[in-house]
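*Asks:* Fold the following, please.
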Amino acid sequence: MHLLAAQPGALSDNDEAIDLEQSPGAIVFMSAADTDLALITAAQEASLADAANATDAAERPSLRAANLMQLQHPMSVDLYLDRVVRYARVVVVRLLGGKAYWSYGVEQLVAACQASGAALALLPGDDRPDAELRGWSNLDAATYDGLWALLGQGGAVNARAFVDALGALATLNPGDPAPAVRTAQALPENGLLDPSAETTPDTPVVPLVFYRALVQAGDLAPVQALAQALSARGLRPLPIFLKSLKDAGSRAFLAETFAEAPPSAIINFTAFSAAKPGQASDDSPFGVDAPVIQAVLSGGSLEAWREGTQGLGPRDLAMNVVLPEVDGRILSRAVSFKSAGDPSPATECAVVRHQPLADRVDWVAALAESWARLRALSPAERGVALVLANYPNKDSRIANGVGLDAPASTIGLLQALAGAGYDVGEAPAAPTSPEALMQLLLSGPTNRDPERDPGRDASTTIRLSEADYRAFFDQLPATVRTAVEARWGGPAQDPFWDGAGFHLALHRFGKVLIGIQPQRGYHLDIEGTYHDPDLVPPHGYLAFYATVRAQAHAVIHVGKHGNLEWLPGKALALSEGCFPDAVFGPMPQLYPFIVNDPGEGSQAKRRTAAVVVDHLTPPLTRAGLHGDLSALEADVDEYFQAAGLHPARATLLAEDIVNKVHDFGLAGDLGLSAEDGDAAVLGKLDGFLCDLKDLQIRDGLHIFGAAPQGPQRRDLLLALARPGFSDHPSYIDALAQAEGISAPLLSLDPGQALSIEGIDGRRTVADHIEALEQRAQAILDGDASAPTEAAATLFSAIETVIAPLIDASATRELSASLQGLDGRFVPPGPSGAPTRARLDVLPTGRNFFSVDTRAVPTQAAWRLGWKSASLLVERYAQDHGDW
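*Replies:* All right, here's what the predicted structure looks like:
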């Protein structure tokens, strides 16, 4: 058996015994909670600091604190009892989970205290009585209850009373009555950390919302550090502690507090989501229309964060990132990490506390200031930058948004800004059509190498001087500057350097900037490096965002997807040396993003603190068959019609069709092999054509803030209704039943033969589906009526349930963008493909989140959890004989 020395902050894995290397003390306090150990250590330190002199301090009863997580191995327990506990006069253990949590330890500890005559209190770790623990203890009821109440209420005052009470017990002489334990000072479930703080009427208020448990533990350094950082920026911090955002009393307290002090922005430290599973509300769980910034109190160590690339561990990711996104919170940065210093001389325990990191605290304060400033400015005073993606970096792909008509959407945003009172310049300077916008962008610098295309007019765009660029570059972290220069050299080596600065692909109209997002490098494989996690951006890239940061109060990246969120650095909880952090900084950002791609949208949310404003997918329609393939389908139909009646003609058709398959290059698509005869080829071709013509494809691009019209609207409604919705079946099934077809057509192989008596001209399942699709189109167009009452009800629901969701999406996409630019709350919503029976993702115009809480846990996760629980029960039954 190996014996390990305890490491500060380290926890036992139960495989090795640990020696805590403590000397004996008159008092021993044990708990598995870092917060308990930190609180009691701080109280003992304060007690010794209050001593009149060194002699007085030395005469006070000594106290040892130990983490039960380091006393899980039986040998660890025996060693600690032998070296420390058997010399103590008072022993207190706080156990969450009862005796079963530390069964061997409790049994041995009780025996040791009986042998030494020490006072023993085994206290529950929560507010629920535990008769078994009380029975093992040997204190009188009043003393036991008093100690339990002091720990239960927590806080520095109660912790000091707890330590004083233990000191009095440790100095009792035989026969002396038990000393009275001071009554616990009640800590309200919800309250202001400093109710007496002075207020300034015109100062923007930024509440800091955190758990009451931090007050109980006296672990408030991150909150206090952020409050000081906000004050330094001219904001009024309002630290508020709560029991839980799910608690009705907590929410009522917030409402009352915010009514008296309306916030400009909120910084939240609490974990999880306040929303009910499967629900997302248009209202903030904080009850006010202000942005909520999520600051993370990481449970990991500072060392692990600095050395790692993930930023946060799985537990922090779930608790502090994924679930808070369901409430529409803006993820900022991790502002503190758990840190264990050297053992305190007062308790010989290396306590673990939240240690704030100054530059991350300042970053979050700066982000809150930016959102508060945005809220305080009038629309006419706000500077807004509209940045268009360019992937890959070719002029033909400028303003390329996935599923989005970015040029038309940008014009729509410009018009909305003008209508809301923003300064968009004097007409006719600002472009008023997508064509004029593209002509403008192509007339000036783009991502095309200026050395290869010297004819561009740089005078129409914004220029950043050498002095201004150098001032920006010099304030970047040294690691960032070194990496840029090592990869790209100095600014003069950048192809977009003009000898005295940068002419940028940025155009100004009043206080609105419109620009092309710069490329991540030059003379490279453009597509291959777009998502390269190691490629640092060149000087021209930095110059672009330096100008945007200087001249705009907020940025709108128009459409999926840009490259800013893919720059090198941690996956989330970025450091100052991560490139998205260094390049973009703490700036308000709105990001119109297609609703069916939460994975890539989450990159921007988690790495650049973006607020997504999701938008509709493009209009969808059925692919159908065209040209040669349409003619080939006709040949196949003719073959199957002739097969039974005219074998000779069928043979000729088969030969002709097989030849066309090879001529059209379809052999690979069909997966043909040398052994496939004509019959096999025809069978595979028939299925292939059926599948192909039934595919849903894009019929154009979505324009942000605009609902599709005409045939595009009709086909999108049908695409959304096709899987069935609410309590309604698919319209294909409803129309099929009206024709006497009971087979579930959409569940069958489209190439499967299906002949229905009385229905001519349809040979396969795909033929039936195609005919029913055409009939559904005619019904929605008003050219035909529904064949049955059930079908009529269904088509009416398409118009009354689905159509309003499409119209609301268009309205909300622009209104949510304006809300965000007002420094207001953008409501959250689920994400996914609405055509896959996910109408809950509509209307769009919401700050989508990636986790579907209704689908958590997944089946695989549930099976793993079930197996883990079963093994735990089996182990308990083996140890205790029953369960």
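
*Asks:* use CA for all of it now, contacts and neighbours both
*Replies:* Fine.

*Asks:* So, low pLDDT: which residues of the stretch 351-500 of the chain?
*Replies:* Applying pLDDT under 70 to the stretch 351-500 of the chain flags residues 427-428, 451-460.

*Asks:* Which parts of it are helices?
*Replies:* 358-376, 406-419, 434-443, 466-474, 478-488 (DSSP state H, counting those that start in this stretch).

*Asks:* Give me the residues contacting whichever helix or strand comes after the last one.
*Replies:* The reference is to helix 478-488. From helix 478-488 onward toward the C-terminus, using DSSP states H and E, the following helix or strand is strand 501-503. Identification of contacts with strand 501-503 by Cα atoms under 8 Å, 6 or more residues apart in numbering yields 445, 458, 461-466, 469, 496-497, 540, 543.

*Asks:* Let's see if you can find the most crowded of these.
*Replies:* Most neighbours among the contacts of strand 501-503, by other Cα atoms under 10 Å: Ala543, with 28 neighbours.

*Asks:* average model confidence for the host helix or strand of that one?
*Replies:* If you go by DSSP H and E, Ala543 is part of helix 539-551. For helix 539-551, the mean pLDDT works out to 98.

*Asks:* Show me what it is packed against.
*Replies:* For helix 539-551, the elements it packs on are helix 466-474, helix 579-584, judged by 3 or more Cα pairs under 8 Å, 6 or more residues apart in numbering; DSSP states H and E.

*Asks:* Please work out which of those helices is packed deepest.
*Replies:* Mean neighbours per residue, mean count of other Cα atoms under 10 Å, is largest over the helices and strands packed on helix 539-551 for helix 579-584, with a mean of 23.

*Asks:* show me what contacts Val480?
*Replies:* Counted by Cα under 8 Å, 6+ apart, Val480 has contacts 577-579, 582.

*Asks:* Any buried residues in stretch 667-674, and which?
*Replies:* 667, 670 (16 or more other Cα atoms under 10 Å).

*Asks:* repeat for stretch 760-780
*Replies:* 762-770, 772-773, 775-777, 779-780.

*Asks:* Tell me which of those residues fall in helices.
*Replies:* 765-770, 772-773, 775-777, 779-780 (DSSP state H).

*Asks:* For those, which two are the farthest from each other?
*Replies:* For those, the farthest-apart pair by Cα to Cα is Val765 and Leu780; their separation is 22.7 Å.

*Asks:* Tell me the pLDDT of the residue of the chain most remote from its centre.
*Replies:* What lies farthest from the middle of the chain is Ala648; by Cα atoms, centre = their mean that is 65.1 Å. Per-residue confidence (pLDDT) for Ala648: 82.

*Asks:* can you tell me the helix or strand for it?
*Replies:* Per DSSP H and E: helix 647-663 holds Ala648.

*Asks:* what residues does that helix touch?
*Replies:* Contact with helix 647-663 is made by 632, 635-636, 639-640, 642-643, 667, 678-679, 681-682, as judged by Cα under 8 Å, 6+ apart.

*Asks:* Show me how to select, in ChimeraX, the buried members of those residues.
*Replies:* In ChimeraX syntax, the buried subset of those is picked out as below (16+ other Cα under 10 Å):
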select :632,635,636,639,640,642,667,681,682
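
*Asks:* And the furthest pair within the contacts of helix 647-663?
*Replies:* Top of the distance list for these (Cα to Cα): Ala642 and Ala667, 23.9 Å.
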